[in-house]
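Student: kindly generate the corresponding structure for this input.
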Amino acid sequence: MKKLYLLFFSIFLLSVSCKKEESATPMKDPTIIQDQEEVEKTMVGSWAGVLNGGGNTENIEVIINKMAPGEKVAEGKYFDPTFSCGFDWTYELFSNGKVVFREKTHAPNMCYDELAVIAHLEDNDLDILHISIRGPNGGLGLGKLDRK
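Tutor: As a prediction, this is how the structure comes out:
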C-alpha cells in the first residue's frame, strides 16, 4: 500500500513540475528594434559611456538633439584624463534597425575624422545605446552608452 501511494505521489509531482516548465516563458535574446520612428524618437537625448577598441578605452558623451536625415543632429566628445576631442554627428541612414551617423571631429590634426558611427537600440533596455565606430580601415571601437 505504501509503495502504491509513493508511486502515485511521485507521478503527481512529476506531472506538476512538467506543467510548470511548459507554462514558463522561455528566455529570449534581445532584438534590435526595427521601427524607424520609435528608434529616432528614443535616440534623442543625452548619452554617456565607454568606447573600447584597439587596446584603448575612451569615455564618450553625446547629445542627440534631433533625428533628421542629412542634417547635423548631435554633438559630443571623447575624453580621458589626458585629452578631449569634440565631434559632430550627421544622420546619414536608417537600415535594419541601425542608424548610421557620419562623425566630423573638431580637431582633425589629433583625432580621427570622417568616421561612421553605427548605433542601435535593443528591446530589452531602451536606455542603452549600442554603438560601433568604423574608420576607413575597419572597426575602431565598440561601446554601450547609458541615457543620462
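
Student: for residue 120, give the beta-bridge partners.
Tutor: residue 130 (DSSP bridges).

Student: so it sits against residue 97, correct?
Tutor: Yes: applying C-beta atoms under 8 Å, one finds residue 120 in contact with residue 97, separated by 5.5 Å. Quick note: C-beta positions are derived from backbone N, CA and C, even for glycine.

Student: which residues do these two both contact?
Tutor: 32, 33, 39 (C-beta atoms under 8 Å, 6 or more residues apart in numbering).

Student: the second one: how many residues sit nearby?
Tutor: Read that as residue 33. 16 (other C-beta atoms under 10 Å).

Student: list the contacts for it?
Tutor: Residue 33 sits next to 39, 42, 97, 120, 121, 122, 123, 126 when contact means C-beta under 8 Å, 6+ apart.

Student: apply 7 Å and report the result again.
Tutor: Residue 33 sits next to 39, 97, 121, 122, 123 when contact means C-beta atoms under 7 Å, 6 or more residues apart in numbering.

Student: CSV for these, including neighbour count and pLDDT?
Tutor: Shown next, in CSV, are the contacts of residue 33 (neighbours: other C-beta atoms under 10 Å; pLDDT from 0 to 100):
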residue, neighbour count, pLDDT
39, 20, 97
97, 17, 96
121, 22, 98
122, 16, 96
123, 14, 94
